[in-house]
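S.K.: take a look and give me a structure for this.
(one chain, ligands or ions: 1)
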Amino acid sequence: MDGSVYKVQIDLPELSLVALIGRDSSEKSHLIKKNFKEEEILAFDYFKGLVDDENDGTAKDTVFEALYHAAIKRLEEAKLTVIDAEYIQQKDRKNIVALAKKYHCFPVAIIFNEPEVINEKKYEIRSLEKEGFRYVYLLNSEEEVSHAEVLRTKLYNNKKDIHGPFDIIGDIHGCYDELCELLEKLDYVVEQEAYRAYSPKGRTVVFVGDLVDRGPKNMEVLKLVMSMVKSGVAYCVLGNHDGKLQRKLKGSNVQVAHGLEKTLEQMSHESESFIEEVKLFLDGRISHYVFDDGKLVVAHAGLKEKLQGRGSRRIRDLAMFGETTGEKDHFGLPIRLNWSKAYYGKAFVVYGHTPRESVKIANNTANIDTGCVFGGKLTALRYPEKEIVDAKAKAIYYEPARPLLK
Ligand code: MN
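M.R.: Numbers count the residues shown, from 1 in each chain. Okay, the predicted model is just below:
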């Protein structure tokens, strides 16, 4: 092999809408055959059979319309989709990016450039990125095409190969004593002073987020959870309170209220290096996980089926905050949409966020935020057993703005 050929490595997120743009060649067809399944490819050449002459009037639009229609069907089912066309105009590239966004998947462009026309018609990586393509790969010669390597990368939320058994723990909000008690009840060995815990039975904890704010021992909770995640004993998704702390630590101007004032006060006694660790920890958290062959989803505020296992800014926000009606109740709090009422998904969704007097299981969902910091209890749901274990709050640490839901 010629050592001077640059080997392009193409990393494709497993849920991508890929546009293959550029001249057909035997190398290009070889790359397609080698790396994609036949059903993943939507080729312009195939759909152009729908019109008499692709260059006649709006014929091209008709071809692309049919192609998008097929793409939508695949994206709805969370299937990687490849659009293969020699030339894709700006308006169609825009449509492709919009389609990817709508279905919360990554728009990716792979450009096959012809050396002889590079100067007149070269697609610049930067300009395609500006158009919204998340990743742009440029293959400049037939050699580069034939040496390119396509790898599929799993999304961070894809933990389908992790089967548990799990102990999923609700909103902690700085209730460290209750957390340690609960872990012990769940048969974990807890070293309170060293901030370590592990399961002799090989179980795994999943925290639904909202580790901090309002409670008495936010730093202790962070220390234990961070060590458990680091040692592989636990997973933790980001709650809205954790996200707010993250933004504050990054220097954003956030409103210091709803218990964040307590977290910051407690944090002011900690070392710079610890605060740096917290920042890194929060930056490494994602909004939801899909476990056990897709049968279990954990998200702080829950997540509709069609958003599970996908990745976008909007999904992150929805998983952290849930949907609201846009109105406020007479306590001045936003009214949250009861998403679980309309949930008929296959995955069992475990979440927190809305404190209740007791665990609420409905339509294959479970809300396990039982308001420990408000004097309720800290709850764990064992999976797959669906057994509830809890630890009663030792005090009312914070007065709720409204009574807990029954
Ligand atoms: Mn909460």
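S.K.: okay, now the domains of this structure?
M.R.: The record assigns the chain these domain ranges, following automatic domain parsing: 3-153, 158-392.
S.K.: of all these, which one is nearest Tyr398?
M.R.: Distance to Tyr398, taken as CB to CB, is lowest for domain 158-392 among the domains of the chain, at 4.0 Å. In this view, the C-beta of every residue, glycine as well, is placed from N, C-alpha and C.
S.K.: can you pull the contacts of the residue in the stretch 51-200 of the chain positioned nearest to the ion?
M.R.: Closest to the ion within the stretch 51-200 of the chain is Asp171: 3.8 Å, counting by CB to the ion. Asp171 makes contact with 208-210, 239, 352-353, 355, 369, 371-373 under the criterion CB atoms under 8 Å, 6 or more residues apart in numbering.
S.K.: out of the domains of the chain, which is the most enclosed?
M.R.: Highest mean neighbour count among the domains of the chain (mean count of other CB atoms under 10 Å): domain 158-392, with a mean of 19.
S.K.: ok now that one, how far from the chain's centre?
M.R.: Its chain's C-alpha centre and that of domain 158-392 lie 14 Å apart, by CA atoms, centre = their mean, to the nearest Å.
S.K.: how about stretch 86-102?
M.R.: Put simply, stretch 86-102 sits 23 Å off its chain's centre (CA atoms, centre = their mean).
S.K.: averaged pLDDT, it. What do you get?
M.R.: The pLDDT scores in stretch 86-102 average 92.
S.K.: now stretch 70-81
M.R.: 96.
S.K.: next one: stretch 271-285
M.R.: The average pLDDT for stretch 271-285 rounds to 98.
S.K.: wait, Asp292 touches Asn158, no?
M.R.: No. Using CB atoms under 8 Å, Asp292 makes no contact with Asn158, being 11.6 Å away.
S.K.: could the domains of the chain be laid out in CSV, adding distance to Lys406?
M.R.: Formatted as CSV, the domains of the chain follow (distance: least, CB to CB, whole Å):
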stretch, distance to Lys406
domain 3-153, 34
domain 158-392, 5
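S.K.: lowest average pLDDT across the ones you listed?
M.R.: Looking at those, the bottom one is domain 3-153 with a mean of 89.
S.K.: show me which residues of the stretch 201-350 of the chain sit near the ion.
M.R.: Contacts of the stretch 201-350 of the chain with the ion, taken as CB under 5 Å from the ion, map to Asp210.
S.K.: which parts of this protein are helices?
M.R.: Counting by DSSP state H, one finds helices in the chain at the ranges 26-35, 44-47, 59-76, 90-102, 118-121, 125-131, 142-147, 176-185, 218-230, 240-249, 260-267, 272-283, 313-321.
S.K.: hang on, Pro216 packs against Gly174?
M.R.: Yes. Look at Pro216 against Gly174 with CB under 8 Å: they come within range, at 5.8 Å.
S.K.: joint contacts of those two?
M.R.: Common neighbours of Pro216 and Gly174 (CB under 8 Å, 6+ apart) are 262, 397.
S.K.: on that earlier part again, so which of the domains of the chain gets nearest Pro403?
M.R.: The closest of these to Pro403 is domain 158-392. By CB to CB, the value is 8.8 Å.
S.K.: first-to-last residue distance for that closest one?
M.R.: 33 Å (CA to CA, to the nearest Å).
S.K.: what residues are up against Leu138?
M.R.: Neighbours of Leu138 in contact, by CB under 8 Å, 6+ apart: 8, 111, 113, 123, 125.
S.K.: thanks a lot, catch you later.
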